[in-house]
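Give me coordinates for this.
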Amino acid sequence: MIGSDFSHVNFFEEGVAAFDYKILLEESKKDELIATAIKRVLGNWPKNSKEMSNDEKSIYNKRLELTTEKGCLFWGLRAVIPENLRDIILKELHATHLGIVKIKMFAHSYVWWPNIDRDIEKLVKDCKICLTELKKPPFTPLTTWPWPDKAWSRIHCDCAGPFYGNMYLIIIEAHSKWPQMINFKSNTKAYRLCEEFRVLFSRHGLPLHCVTDGGPQFRSAEFQNFLLNNGVKHSFSPPYHPATNGAAENFVQTFKDKVSKIVKAGKTLETAINMFLFDYRSIEHCTTKRTPAYLMYKREIRTRFDLLKPSVTETVAQKQRDQIIAGPGKRKVEFSPGEQIMVDDFSVRSENRMSGTVAKQVSPSTYVVSNDKGNLVKRHVDQMIKCNNPDVKLRRSPRFQGESSLKRAESCNV
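Presented below is the predicted three-dimensional model:
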């Protein structure tokens, strides 16, 4: 094989022209690990690797595939590189900055040493040029904000615009997903921001936490002091990473898309915004499965579609009318103030009635009566009968049954 036109060393010399096998031979003799391996290839290998170092074990595990040629050690077609030459080889492999995968493929065709793949990975990962030109890494798993257990605990804010010539402040309440919008027109300075937040806080109270992007108006000392003085924690999303403030960012896109369509349908911009907010607050949110209005105010807001439902007041009134019609009482009677009547007497243990005079009516079925003793008593119409002769004493039936129970009183007009 030594006399053949194509040998392991020739292959190595052609593949890496900057290196000479003589240098490889010289350094192999100096390298204790490789020199020992060459002796063992030409002689005998130990029966086991218990007493060997990790690098010696790596070579020992390949002992059946190791050969020597011109005093150099090879694993298959790959030259085993001494430690003193490894940095030079790595630099040559990485000269074109092809990346970890391609450099490994290139190296696997020509060279080997213990942990070569690890060394290649470290070289590429530490290369400043590669790091500078590195493509954007894959996204990390999505991290969500914790859901507040009550409304107006945390708010997410973002500026949207210019949109139809105006700048808007978007505020999303994290618990309910309730959206709030403020038209700044073209004035987004910090003092205007503080003014609008004062109005907002006067309506809903002070939140615990406010999340914004890094816009200059949000980073201004005036706005930060305003939140600090009101005990509101202020957090910023990283620059050019809108996903951190995703609640507000996502709503901005929805707002622009839907409002633009409403405007194109013929509505004014202000009308379109109010229509959009009204419906958005009234529709079940896909995350909470409740409407923003309900989670914000613990009630649903009335919409135009509620006109299709019968009112609760009318429903209750109809039920009451049905109860009256289906009830046992058929007697219809009215009394006037000053009218002489007989009323049930509860002052003694008797079943008699006593005479009296109607003082006033306090409800459709209840009257205040002045009895024959001069006392004012309250009686239901079921406990009252008309009578022109107040001296007649009537015995009360266990339950007033209407006109039939009064036929015994000849002098009473029922």
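
Show me the domain layout of this structure.
8-133, 154-297, 340-406 (automatic domain parsing).

now the ones you listed in JSON lines, with distance to Pro146?
Backbone N, C-alpha and C define where each C-beta goes, glycine included. What follows is those, written out as JSON lines (distance: least, C-beta to C-beta, whole Å):
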{"stretch": "domain 8-133", "distance to Pro146": "34"}
{"stretch": "domain 154-297", "distance to Pro146": "9"}
{"stretch": "domain 340-406", "distance to Pro146": "55"}
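
Compare the mean pLDDT across these and name the weakest.
For the domains of the chain, mean pLDDT drops lowest on domain 340-406, to a mean of 75.

Just the buried residues of stretch 272-286, please?
Within stretch 272-286, the residues that count as buried by 16 or more other C-beta atoms under 10 Å are Ala272, Ile273, Phe276, Leu277, Tyr280, Arg281, Ser282, His285.

what's it in contact with?
Contacts of stretch 272-286 with the rest of the structure, by C-beta atoms under 8 Å, 6 or more residues apart in numbering, involve 177-179, 181, 255, 258-259, 262-263, 267, 290-293, 296, 300-301, 303.

Can I get the buried part of those residues as one PyMOL selection?
Burial among the contacts of stretch 272-286 is assessed by 16+ other C-beta under 10 Å; the matching PyMOL selection reads:
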select buried, resi 177+178+179+181+255+258+259+262+267+291+292+293+296
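
Okay, and which of the contacts of stretch 272-286 map to helices?
Phe255, Lys258, Val259, Ile262, Val263, Pro292, Ala293, Met296 (DSSP state H).

isn't the fifth one right up against Leu269?
Read that as Val263. Yes: look at Val263 against Leu269 with C-beta atoms under 8 Å: they come within range, at 5.9 Å.

what residues do those two have in common as contacts?
Listed contacts common to Val263 and Leu269 are Tyr164; contacts here mean C-beta under 8 Å, 6+ apart.

thinking again about what came up before, quick one: which of the buried residues of stretch 272-286 is nearest Val80?
His285 (64.8 Å; C-beta to C-beta).

Which elements pack onto the helix or strand where Val377 lies?
In this structure, Val377 is located in strand 376-380 according to DSSP states H and E. With contacts defined as 3 or more C-beta pairs under 8 Å, 6 or more residues apart in numbering; DSSP states H and E, the packing partners of strand 376-380 are strand 340-344, strand 353-363, strand 366-371.

Pull the most distant pair out of the ones in helices among the contacts of stretch 272-286.
For the ones in helices among the contacts of stretch 272-286, the farthest-apart pair by C-beta to C-beta is Val263 and Met296; their separation is 26.5 Å.
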